[in-house]
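model this:
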Amino acid sequence: MPENDLIDNKEINSLPILYSLRNCPYAMRGRLAIYKSKKTVLLRDLVLTNKPPEMLEASPKGTVPVVVLPDGQVIEESLDVMLWALKRSDPDDLLYAYDENCLAEMLVIINEFDTDFKRALEAYKCAKRYQETNVEECRQVCEQYIVRLESKLTEHRFLMSEKESLLDIALMPFIRQFARVERQWYLQSPYPKVRQWLNSYLQSPVFTKVMAKHPLWVDSGEVVFFNG
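Numbers count the residues shown, from 1 in each chain. Below you'll find the predicted structure:
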């Protein structure tokens, strides 16, 4: 019997609530980690132009993802959401529990991509959107990071080893954005391993589930269970 069929109203009230935006890369990686944890949360999809008052009360900064726990505790940074989910349950050992040094290394790389690469990516996206003359220059700044990933993926199937990790699902949504800026250039770019790695996610059943479209919670009030 599906897990959702076993959940009654009392149990619904005991579930964490996830406020999410379908195409936001931060929310996307939060959903990926929660899905990988195989634990159930209540998913409340939103749009930035109509944020639920309940979410803003819990997290006034108004960005997603936001997890509100049954005890009122709020988790409002995407990496914290990922770590919370996987520390609850990590059946695929994405945190590499056998080696604390691996997790520390992953967190350093994620932080670098969340700051330096994300800044370069935003500049690249803006240059392309507004047809500025420095698109190639902006892309080349991003490529410094893509080259590093290509090197890692030349050595093994995933970014840390032959086994998937937190690093893979944390970076994938942003590499997806990079790949969409100049699609034709990307398809011919000298990064075949990155393309193969990214495609393996984009074409996977997991990504299909994580990117499924749900009714906006503020419009429908529908109870949506999200789990792996």
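
which parts of the protein are helices?
Assigned by DSSP state H, the chain shows helices spanning 9-13, 25-37, 53-58, 78-88, 100-112, 118-129, 135-155, 166-181, 183-188, 192-202, 205-210, 217-220.

residue 47 is nearest to which of those?
Distance to residue 47, taken as C-beta to C-beta, is lowest for helix 217-220 among these, at 8.3 Å. Any C-beta I mention is one placed from the backbone N, CA and C, and that applies to glycine too.

quick one: distance of that closest one to the chain centre.
Its chain's average C-alpha position is 23 Å from that of helix 217-220, according to C-alpha atoms, centre = their mean, to the nearest Å.

buried residues, it. List them.
Taking 16 or more other C-beta atoms under 10 Å as the basis for neighbour counts, the residues of helix 217-220 that come out buried are 217-218.

again, but for stretch 96-115
The neighbour-count criterion (16+ other C-beta under 10 Å) identifies 96, 102-103, 106, 109-110, 113-114 as the buried residues of stretch 96-115.

what sits against the residue nearest to residue 150 when sequence neighbours are not counted?
Taking C-beta to C-beta, 6 or more residues apart in numbering as the measure, residue 150 lies nearest to residue 191, with 4.8 Å between them; neighbours along the chain are not counted. When contacts are counted by C-beta atoms under 8 Å, 6 or more residues apart in numbering, residue 191 touches 146-147, 149-150.

then residue 55?
So residue 55 contacts 19, 44, 46, 62, 66, 68 (C-beta under 8 Å, 6+ apart).

recalculate using a threshold of 10 Å.
Applying C-beta atoms under 10 Å, 6 or more residues apart in numbering to residue 55 gives the contacts 17, 19-20, 44, 46, 62-64, 66, 68, 74, 76, 217-218.

out of the helices of the chain, which gets nearest to residue 227?
Put simply, out of these the one that sits nearest residue 227 is helix 25-37, at 7.2 Å, with distance taken as C-beta to C-beta.

which other helices and strands contact that closest one?
Secondary structure elements in contact with helix 25-37, counted by 3 or more C-beta pairs under 10 Å, 6 or more residues apart in numbering; DSSP states H and E, are strand 17-20, strand 41-45, strand 66-68, helix 78-88, helix 118-129, helix 166-181, helix 205-210, strand 225-226.

adding mean neighbour count, write these out as CSV.
Listed next are those as CSV, based on neighbours: other C-beta atoms under 10 Å:
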stretch, mean neighbour count
strand 17-20, 24
strand 41-45, 22
strand 66-68, 25
helix 78-88, 20
helix 118-129, 17
helix 166-181, 22
helix 205-210, 14
strand 225-226, 19
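
low pLDDT regions in the chain?
1-8 (pLDDT under 70).

what separates the residue lying farthest from the centre of the chain from residue 45, distance-wise?
Here the centre of the chain is the reference, and by C-alpha atoms, centre = their mean the most remote residue is residue 133, at 30.9 Å. Between residue 133 and residue 45 the distance is 38 Å, computed by C-beta to C-beta, to the nearest Å.

then residue 109?
30 Å.

same deal with residue 203?
As defined by C-beta to C-beta, residue 203 lies at a distance of 23 Å from residue 45.

likewise for residue 100?
If you measure residue 100 against residue 45 using C-beta to C-beta, the figure is 35 Å.
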